[in-house]
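> give me a 3D structure for the following:
(one chain, ligands or ions: 2)
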Amino acid sequence: MNLQEEIKNLVESLNQWAYEYYTLDKPSVLDFEYDQAYTRLVKLESENPSLIREDSPTQRTGDVILSGFEKFQHPFNLYSLADVFSREGLSEWESRVCKAIPNPEYICELKIDGLSLSLYYENGQLVNAATRGDGSIGENITENVKRISDVPQTLKEKISIVVRGEAYLPKKAFDKLNDERELQGLSAFANPRNAAAGTLRQLDTSVVRKRGLATFFYQVAGSSPKDTQEEVLEYFEELGLVVNKERHFAKNMDEIWSFIEQATKRRESLPYDIDGVVIKVNSLAEQDELGFTVKYPRWAIAYKFPPDLAETEILSVEWTVGRTGVVTPTANMKPVTLAQTTVSRATLHNVDYISEKDVRLKDRVIIYKAGDIIPAVERVLFEKRPIDSVPLEVPLNCPECNSDLIHFEDEVALRCINPLCPAQLRERLIHFASRDAMNIVGLGEKVVTQLFEKNLIKDEADIYRLRKEDLLLLDKFGEKSAEKLLFAIDNSRGNSVEKLIFGLGIRHVGSKAAKILAQHFGNLKKIAEASIEEISVIPTIGETVATAVSNYFNQAGSQKLMSELQEEMLNFDFLGDPVQTGGILAGKIVVLTGKLTSLSRNQAKEKLENLGATVTESVSKKTNLLVAGEDAGSKLKKAQELGIEIWSESDLKAI
Ligand code: AMP
Ligand code: ZN
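Ligands and ions are numbered 1, 2, ... in the order given. As a prediction, this is how the structure comes out:
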């Protein structure tokens, strides 16, 4: 056997053994044997560097010091999961699935409490690894992921695929790490998830290698080569990716629930942390049919284990005005440890919540924390209520502008409806300048507050009218910082319009919905002119959002603001990838009517949308085209009256 062959054999055996060890959890050789082969390989390679193979296990362990992490734009949106915390919540989800899918089959998986990863393989080679980030932009952590020992550098098949999974720190490795840190006088990590996240952001890759991170993979991002989730997991195993073995089929709520009960019992004894159970519809075709909301897949849900609880005392309550005028109570409490962090504030949500829970000053309460949200009061310990407990006073006037507060009948919130309430305007402007909105660096809460107090800005457009002299009036502002801020403000005029839409703070319009609206309509003017109907044809935009958008733009105040922003030369166009550009029906509003014979209505709709059209239900002056099947009735008549272009089903098919 020549050297080259020996090296090849060693590499292949070592990779196979690693696969058996990590992925299959069935080692076929002793550790000793593995180490011997490894040592031999290192020796041969160091004597013959030209013969080092790319797939050699030694190649993953050479360490580097990184200078930082680059942003990574995911080619698909990496969705997160909707959460439920009770059997009822889960059961509601299950019923919704059953409405759309006749006999769904579910697969239940453990929800690994680690860090979400996506791995990009090209021709079987690991080329990139990134964190999820906000789902669209993450961080490129390829070098670090290459140092996780169970992540294959080379898949068993030469395919190109993007896989999603979770990196975690096994409990044992976590304990060992914290012991070591204690010895070194370093602060301990609060939990394995924080430790895993901290590890993957290390600039010294040798740290990653030593800490013993591990992975589980559970999903293909983008189009899948398989038909069911189960097949995907089996395929992952064949490819050499580690999948979690604890999975379970279920046909109904009872079966799902029994898996959850079992997982709850076994949680402590598992070698890694889990924070719940993920339930997924097994068939990928059915998953497609269910689709996504703006934020989450409808075909999966995370059942989270009941949250952590702690007992403490209510010291005082503050009322603050948000940008929509809602006045919310927050309790200041005796500091207490909850879910491994110290907390001293909890939300009381609203007046109804306070009266329903009967929370008083000096009460002892149980607070809880679910996920990353701020703690909330779960209940009062009435048996411990002191005789001098003080009922909370609900404010009658706005804490900022003193105008009367209103409690609308159909909502629980207490509101300041003074449109000139400084608190609201200030919060609105802080939001406008914030990162996900116009991202004006340097225009944070403190600066906005000062500008506001000095009467230098009253609304969004005023930001663009600020001069250097104005900024020099602010604390800690000199020539340089003033110029820097002016530059940032000026720069933001060119933002793609979704940032502006989000920044306007329209009710129910988060940054995702803003982007979808921008992508769909292409331009702010078009959104402002669109009817509720035209907005709600967008598959992921519901009635509530559509109504809120339309209401917003119908207000005189908003229209005035739009024209001022336009005068200030803000960009109103979407600058990202438009949906279906250049389709021959791009930007056209199309109505379908009558019976179609060769296409289903959904197929026709999909075809029209692929051609760039927006399909709406009823014919109006804005309609550009009517596609009429057999026996078309009133819609056809109306379209004819309005002189709208009309196509038959075969016209559509001909394209
Ligand atoms: P959350 O971060 O609480 O919104 O929950 C969503 C995250 O759960 C996903 O982004 C994944 O990183 C993670 N996760 C853990 N285990 C699984 C699993 N078996 N299937 C899907 N997601 C999982
Ligand atoms: Zn007010």
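
> what count of nearby residues applies to the closest residue to ligand 1 within the chain?
Closest to ligand 1 within the chain is S116: 3.1 Å, counting by Cβ to the nearest ligand atom. Any C-beta I mention is one placed from the backbone N, CA and C, and that applies to glycine too. Around S116 sit 17 other residues, with neighbours defined as other Cβ atoms under 10 Å.

> looks to me like it is in a strand.
Yes - checked against DSSP: H, G, I helix; E, B strand; the rest coil, S116 lies within a strand.

> look up the residues forming beta bridges with it.
Under DSSP bridges, the beta-bridge partners of S116 are E166.

> any idea how far it is from A548?
Using Cβ to Cβ, to the nearest Å, S116 is found at 30 Å from A548.

> what stretches of the chain score poorly on pLDDT?
Under the criterion pLDDT under 70, the flagged ranges of the chain are 60-63, 185, 339-340, 370-373, 409-411, 577-583.

> residues from it in reach of ligand 2?
398, 400-401, 416, 418, 421 (Cβ under 5 Å from the ion).

> and F553, how far from V29?
Look at F553 and V29: by Cβ to Cβ, they are 69 Å apart.

> which one's more surrounded, those two?
F553 (18 against 15).

> for that one, give me its contacts.
F553 makes contacts with 527-529, 559, 562, as judged by Cβ atoms under 8 Å, 6 or more residues apart in numbering.

> repeat that for 7 Å
A528 (Cβ atoms under 7 Å, 6 or more residues apart in numbering).

> what's the helix or strand for it?
Secondary structure from DSSP states H and E places F553 in helix 543-554.

> which helix or strand lies directly C-terminal to that helix?
helix 556-567.

> run the angle between that following helix and helix 543-554 for me.
Interaxial angle, helix 556-567 versus helix 543-554 (axes from the mean of the first three to the mean of the last three Cα atoms, to 10 degrees): 70 degrees.

> helix or strand right after helix 556-567?
Using DSSP H and E, the helix or strand that follows helix 556-567 towards the C-terminus is strand 589-593.

> can you tell me the strand partners of that next one and which way each runs?
Strand 589-593 has these strand partners (DSSP bridges): strand 614-616 (parallel), strand 625-628 (parallel).

> let's have those strands in CSV, adding distance to G587 and mean neighbour count.
CSV is the format used below for those (distance: least, Cβ to Cβ, whole Å; neighbours: other Cβ atoms under 10 Å):
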stretch, distance to G587, mean neighbour count
strand 614-616, 8, 21
strand 625-628, 11, 23
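
> for V377, find the nearest of those strands.
Closest to V377 of the strands paired with strand 589-593, according to Cβ to Cβ: strand 614-616, at 45.5 Å.

> residues in contact with that closest one?
Outside strand 614-616, the residues that reach it (Cβ under 7 Å, 6+ apart) are 533-534, 537, 589-592, 605, 608-609.

> ok, back up a step: list the buried ones in the helix holding F553?
545-546, 548-550, 552-553 (16 or more other Cβ atoms under 10 Å).

> who in the stretch 51-200 of the chain is up against ligand 1?
Within the stretch 51-200 of the chain, the residues that sit near ligand 1 (Cβ under 6 Å from any ligand atom) are 80-81, 109, 111-112, 116, 132, 166.

> now, which of the residues you listed lie within strands?
Counting by DSSP state E, the members of those that fall within strands are 109, 111-112, 116, 166.

> host element of the closest residue to ligand 2 within the stretch 451-600 of the chain?
Minimum separation of the stretch 451-600 of the chain from ligand 2 (Cβ to the ion) falls at F452, amounting to 13.4 Å. Using DSSP H and E, F452 maps to helix 445-453.

> mind listing what's buried in that helix?
Neighbour-count burial for helix 445-453 [16+ other Cβ under 10 Å]: 447-448, 450-452.

> interface residues of this protein facing ligand 1?
Counting by Cβ under 6 Å from any ligand atom, the chain sits next to ligand 1 at 80-81, 109, 111-112, 116, 132, 166, 218, 278, 302, 371.

> biggest separation within the residues you listed, which pair?
Greatest spatial distance in the residues of the chain next to ligand 1: Y218 and G371, 19.3 Å, computed using Cβ to Cβ.

> more crowded one of these two?
Y218 (23 against 12).

> check which helix or strand that one maps to.
Going by DSSP H and E, Y218 is part of strand 214-221.

> check P335 too.
Using DSSP H and E, P335 falls in strand 326-338.
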